[in-house]
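Asker: coordinates for the following, if possible.
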Amino acid sequence: MAMSWRHGTVEGVDADQILARLDDEQALVATTVGEPVGVLAGAGTGKTRVVTHRLAYAGLTGAIDPRATLAVTFTTAAAAEIRGRLDRMGVHQVQSRTFHSASLRQAQYFWPEVYNTALPQVEDNRAPLIAQACHRLGIKAHEAVVRELDAEISWTKQTNVVPENYVDLARAEQRRLKYLGLDEVADGLVAYEDAKQAACVIDLDDVLLCTVALLAGRDDIARKVRATYRHFIFDEFQDVSPVQARLVELWVAGRPDVCVVGDPDQAINSFAGSRPVYLETFGASHAGSVSLDLTRNYRSTPQILDAAARVSTGRRRLTAVRPSGAAVELCPAGDELAESMDIAEWLAQRHRAGLGWEDMAVLFRTRRQAEAIRQILADQGIPFALQWDAAPVRPGVRLSTLHASKGLEWEAVSLSGLSDTIVPHPLAVGSAALAEERRLLYVGMTRARSFLRLSWPSNSDGRPVAASRFLAPLL
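Answerer: The predicted structure is shown next:
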């Protein structure tokens with residue numbers, strides 16, 4: 001039975017109910033439809049809520065056809081969250097996908113039409129192929145080496161860099177690697193492509209490139225895709241890469257009903273090819289566009305927001321909706337072991353005060369830092385679950401890197417290892433890289449709802465170390 005999306009109600013939900021759940025800033029975003037809209041949505045301002053309510057409201061009022069609407073985000077979890085919320089509001093036919101999922105669907109459908117064969121199998125784990133490439137070049141394929149080459153492969157594909165240009169462009173971008181030289185990476189890129197071709201597979205980043213090639217090279221295919229989707233919303237737009245920006249351009253094709261949502265103050269993925277400039281220049285590149293702001297933070301206490309703002313060099317300050325809470329704790333420790341012991345005691349205190357273990361998190365800059373705190377938590381009998389790229393399968397304190405914490409929140413957060421030898425990361429060279437490291441700290445701090453603890457060792461490997469330079473405004 002077709003859904004009566006043009007009549008203002010769907011399964012007992014009406015448009016007025018949708019708007020009643022939003023504040024005035026959020027409602028303005030929800031009701032501004034049919035023209036290019038750029039939304040700067042600060043941390044904790046209800047971005048996912050606004051995205052879903054905007055889609056629901058537009059569908060209920062007939063401003064969009066949900067069946068011709070594409071919502072794009074960066075993670076499968078975020079895409080599923082959007083679908084789930086829309087389902088609960090009675091809007092079931094919006095396509096909510098990641099960039100890779102939407103691209104794969106189109107590439108698999110149209111590839112046979114162009115090449116008379118199915119799209120090659122997609123290999124979502126590049127590590128074995130990268131290891132083959134390393135062995136061919138005589139490079140020991142340690143896990144860290146494979147991970148580093150994997151990151152460079154992704155960067156080249158997301159920014160459309162060919163292997164023969166890699167060295168010059170990597171130098172221009174001031175990319176700093178720990179285990180491989182730039183020439184070794186350039187050779188590795190070629191060897192990886194050879195290994196991939198021999199295996200008759202493509203990788204996830206290739207999917208984006210294949211889709212761009214199909215849409216840019218065949219007007220008939222582009223027309224079919226554009227006939228399918230007429231309304232667009234793109235989440236986390238500060239993380240868009242050049243290849244993804246090209247996809248957006250090919251999908252939208254100058255049509256007016258496009259909304260992008262993001263936060264330049266949370267742009268922390270330039271190492272992977274993202275460019276916040278696409279969000280920052282959206283208004284200038286889309287004639288007649290409307291720029292809107294979400295500035296009311298519903299997540300964190302005023303104390304946490306104030307500390308995060310003082311650490312950040314962001315251009316916008318957020319207004320806390322929640323009442324005053326506990327002071328942010330600044331906690332130097334004698335060394336890494338003492339710091340981990342102090343963190344464990346702090347978590348135990350919070351738990352005794354009534355917080356569930358799963359309502360707390362320990363965040364750090366690098367995975368290497370996880371080992372000390374993980375051992376201490378185990379010794380103290382505190383349940384924990386590492387949170388890297390996927391949701392943990394067991395309850396407990398969430399032990400995560402700052403990068404992997406983005407988009408998540410906890411009642412109490414401990415940021416550990418905030419010494420000037422770790423934050424900023426030693427490989428962060430140049431003003432742009434240092435600015436991103438500062439934003440990374442800001443992201444970590446704004447994961448906390450009620451309690452925030454910032455700690456660092458005063459001594460590391462027998463040598464004195466200072467607190468991160470980014471903490472200076474708080475000390």
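
Asker: residue 340 against residue 417, yeah?
Answerer: No: Residue 340 is beyond contact range of residue 417, at 9.5 Å (criterion: CB atoms under 8 Å). No exception for glycine: its C-beta is placed from N, CA and C like everyone else's.

Asker: number of nearby residues for the closest residue to residue 322 other than its chain neighbours?
Answerer: For residue 322, ignoring the flanking residues on the chain, the nearest one in space by CB to CB, 6 or more residues apart in numbering is residue 301 at 5.3 Å. Residues lying near residue 301 (other CB atoms under 10 Å) number 23.

Asker: didn't residue 301 look like it was pressed against residue 321?
Answerer: No: Residue 301 lies out of contact with residue 321 (CB under 8 Å); the separation is 9.9 Å.

Asker: return the list of helices and strands in contact with the helix or strand containing residue 291.
Answerer: According to DSSP states H and E, residue 291 maps onto strand 290-294. Secondary-structure packing of strand 290-294 (3 or more CB pairs under 8 Å, 6 or more residues apart in numbering; DSSP states H and E): helix 24-31, strand 37-41.

Asker: so for residue 431, which of the ones you listed sits nearest?
Answerer: strand 37-41 (22.4 Å; CB to CB).

Asker: put the alpha carbons of that closest one into CSV.
Answerer: Output in CSV follows, covering the C-alpha atoms of strand 37-41 (Å, rounded to 0.1, in the frame of the first residue of the first chain):
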residue,chain,number,x,y,z
VAL,A,37,21.0,24.9,2.9
GLY,A,38,24.3,24.8,4.8
VAL,A,39,24.0,24.0,8.5
LEU,A,40,26.8,24.5,11.0
ALA,A,41,25.9,22.2,13.8
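
Asker: let me know the angle separating the helix or strand just after that strand from strand 290-294.
Answerer: Following strand 37-41 in sequence order, the next helix or strand is helix 47-60 (DSSP H and E). Orientation of helix 47-60 against strand 290-294 (axes from the mean of the first three to the mean of the last three CA atoms, to 10 degrees) gives an angle of 130 degrees.

Asker: can you tell me the strand partners of the helix or strand following helix 47-60 and which way each runs?
Answerer: Going down the chain from helix 47-60, the next helix or strand is strand 69-73, by DSSP H and E. Sheet pairing of strand 69-73 (DSSP bridges) gives strand 95-98 (parallel), strand 231-234 (parallel).

Asker: which of those strands is buried the deepest?
Answerer: strand 231-234 (a mean of 25; mean count of other CB atoms under 10 Å).

Asker: outside of that one, which residues touch it?
Answerer: For strand 231-234, the surrounding residues in contact (CB atoms under 8 Å, 6 or more residues apart in numbering) are 51, 54-55, 58, 64-65, 68-73, 240, 248, 251-252, 257-261.

Asker: so, low pLDDT: which residues of the stretch 301-450 of the chain?
Answerer: Along the stretch 301-450 of the chain, segments meeting pLDDT under 70 span 314-315, 388-393.

Asker: which residues of it fall in helices?
Answerer: Taking DSSP state H, counting those that start in this stretch as the criterion, the stretch 301-450 of the chain carries its helices at 302-311, 336-352, 370-379, 402-405, 431-445.

Asker: dump the strands paired with strand 69-73 to a markdown table, plus distance to residue 309 and mean pLDDT.
Answerer: Output for the strands paired with strand 69-73, formatted as a markdown table (distance: least, CB to CB, whole Å; pLDDT from 0 to 100):
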| stretch | distance to residue 309 | mean pLDDT |
| --- | --- | --- |
| strand 95-98 | 31 | 96 |
| strand 231-234 | 27 | 97 |
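
Asker: could I get the ones you listed as TSV with distance to residue 437?
Answerer: Formatted as TSV, the strands paired with strand 69-73 follow (distance: least, CB to CB, whole Å):
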stretch	distance to residue 437
strand 95-98	26
strand 231-234	26
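
Asker: domains in the chain, by residue range?
Answerer: Listed by automatic domain parsing, the domain ranges of the chain are 9-103+207-294, 121-199, 302-474.

Asker: residue 109 is nearest to which of the ones you listed?
Answerer: Per CB to CB, nearest to residue 109 of these: domain 9-103+207-294, 9.0 Å.

Asker: OK, contacts around residue 143?
Answerer: For residue 143, counting by CB under 8 Å, 6+ apart, there are no contacting residues.

Asker: residue 199 versus that one, what's the distance?
Answerer: From residue 143 across to residue 199, the span is 21 Å (CB to CB, to the nearest Å).

Asker: out of the strands paired with strand 69-73, flag the one nearest residue 204.
Answerer: The nearest among the strands paired with strand 69-73, by CB to CB, is strand 95-98 at 9.9 Å.

Asker: what's the offset of the closest one from the middle of its chain?
Answerer: Averaging C-alpha positions (CA atoms, centre = their mean, to the nearest Å) puts strand 95-98 15 Å from its chain's average.

Asker: ok, stretch 155-162 next?
Answerer: Relative to the centre of its chain, stretch 155-162 is centred 19 Å away, using CA atoms, centre = their mean.

Asker: gap between the two ends of it?
Answerer: Stretch 155-162 has an end-to-end distance of 11 Å (criterion: CA to CA, to the nearest Å).

Asker: show me which residues of it are buried.
Answerer: By neighbour count on 16 or more other CB atoms under 10 Å, the buried set for stretch 155-162 is 155, 156, 157, 158, 159, 161.

Asker: report the two of the residues you listed separated the most.
Answerer: 158 and 161 (8.8 Å).

Asker: where does pLDDT dip in the stretch 151-300 of the chain?
Answerer: Scanning the stretch 151-300 of the chain residue by residue, none of them satisfies pLDDT under 70.

Asker: could you redo the last one with a cut-off of 90?
Answerer: Applying pLDDT under 90 to the stretch 151-300 of the chain flags residues 173-174, 176, 271-272, 287.

Asker: residue contacts, residue 63?
Answerer: 33, 34, 57.

Asker: rerun at 10 Å
Answerer: Neighbouring residues of residue 63 by CB atoms under 10 Å, 6 or more residues apart in numbering: 5, 6, 15, 31, 32, 33, 34, 54, 57, 231, 257.

Asker: what's the answer for residue 80, then?
Answerer: Neighbours of residue 80 in contact, by CB under 10 Å, 6+ apart: 73, 96, 98.

Asker: go on, residue 469?
Answerer: 420, 423, 424, 434, 437, 438.

Asker: quick check, nearest of those residues to residue 397?
Answerer: residue 423 (20.7 Å).

Asker: distance of the closest one from residue 342?
Answerer: Relative to residue 342, and taking CB to CB, residue 423 is found at 18 Å.

Asker: the more surrounded of those two?
Answerer: Per other CB under 10 Å, whichever of residue 423 and residue 342 has more neighbours is residue 423, with 25 against 19.

Asker: for that one, grab phi and psi.
Answerer: Taking degrees, to the nearest 10, you get phi -120, psi 100 for the backbone angles of residue 423.

Asker: so the nearest residue to it once chain neighbours are set aside versus residue 173, what's the distance?
Answerer: Among residues not flanking residue 423 along the chain, residue 468 sits closest, at 4.3 Å (CB to CB, 6+ apart). Relative to residue 173, residue 468 is positioned 24 Å away (criterion: CB to CB).
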